[in-house]
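1. just the structure for this:
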Amino acid sequence: PLDDLGPLATLEKLAYLDASKTEVADLEPLGGLKNLSFLDVSSARLTDLSPLSPLHAGLTALNVARNVGLVALGPLGWLKKLRSLNLSATAAVHLAPLASLASLEDLDISRTRVEDLSHLGQLTNISSLDISATPVTNLAPLTTLTSLTELSLYQTSVADLVPLAGLYGLVDVVAMHTNV
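-> Okay, the predicted model is just below:
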């Protein structure tokens, strides 16, 4: 199985990379790929996202789902152009580093240990949010997400949908297996 992205380090024009379902653990070779806009390294062996910081000017879509050793999201704060971020089934707990990602439109934090959504309140461009199978109980921080059209809170302990009342753009809400 693929475990080394080193040979790609010189491909300066590379814009799209799908290295999902690999043994890749080190993203360092990608640091110089300034044209990289899409990166899928889901189901790999990642624990550190800091090598992605130099990609702040171009990376718009990042999928790191099912990297169970991934906890620290700090380096994502540099990726200001991110529009799509999938953190599903990682060990993520704190979303504070995402608070500066104003361009974010699609966020999947399902099957994580995230409980607190307060840092998402500033991300008013989010149109799709998946918090399924998380310990989230409070949707109040989402009241400012006026661009939200899709929300999945499947298998959460959410018991109150009142915070969603003013989100008139919502089209799809999945609330199965909740306390509603």
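2. for stretch 25-32, buried residues please.
-> A25, D26, L27, P29, L30 (16 or more other Cβ atoms under 10 Å). In short, each C-beta sits where N, CA and C put it, glycine included.
3. C-alpha coordinates for that stretch, CSV please?
-> Provided in CSV are the C-alpha atoms of stretch 25-32 (Å, rounded to 0.1, in the frame of the first residue of the first chain):
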residue,chain,number,x,y,z
ALA,A,25,1.2,9.3,7.7
ASP,A,26,3.3,12.2,6.6
LEU,A,27,2.1,15.2,4.6
GLU,A,28,5.4,17.1,4.6
PRO,A,29,6.1,16.4,0.9
LEU,A,30,2.9,18.3,0.0
GLY,A,31,4.0,21.6,1.7
GLY,A,32,5.4,23.1,-1.5
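4. and the contacts of it?
-> 3-9, 12, 17, 36, 39, 41, 44-49, 51-55 (Cβ atoms under 8 Å, 6 or more residues apart in numbering).
5. how far off centre is it?
-> Counting by Cα atoms, centre = their mean, to the nearest Å, stretch 25-32 is centred 19 Å from the centre of its parent chain.
6. quick one: mean pLDDT for it?
-> In this model, stretch 25-32 carries a mean pLDDT of 96.
7. ditto for stretch 164-171
-> Mean predicted confidence for stretch 164-171 is 97.
8. what comes up buried for that stretch?
-> Applying 16+ other Cβ under 10 Å to stretch 164-171 flags L164, L167, L170 as buried.
9. closest to S100 out of these?
-> Nearest to S100 among the buried residues of stretch 164-171 is L167, at 22.4 Å by Cβ to Cβ.
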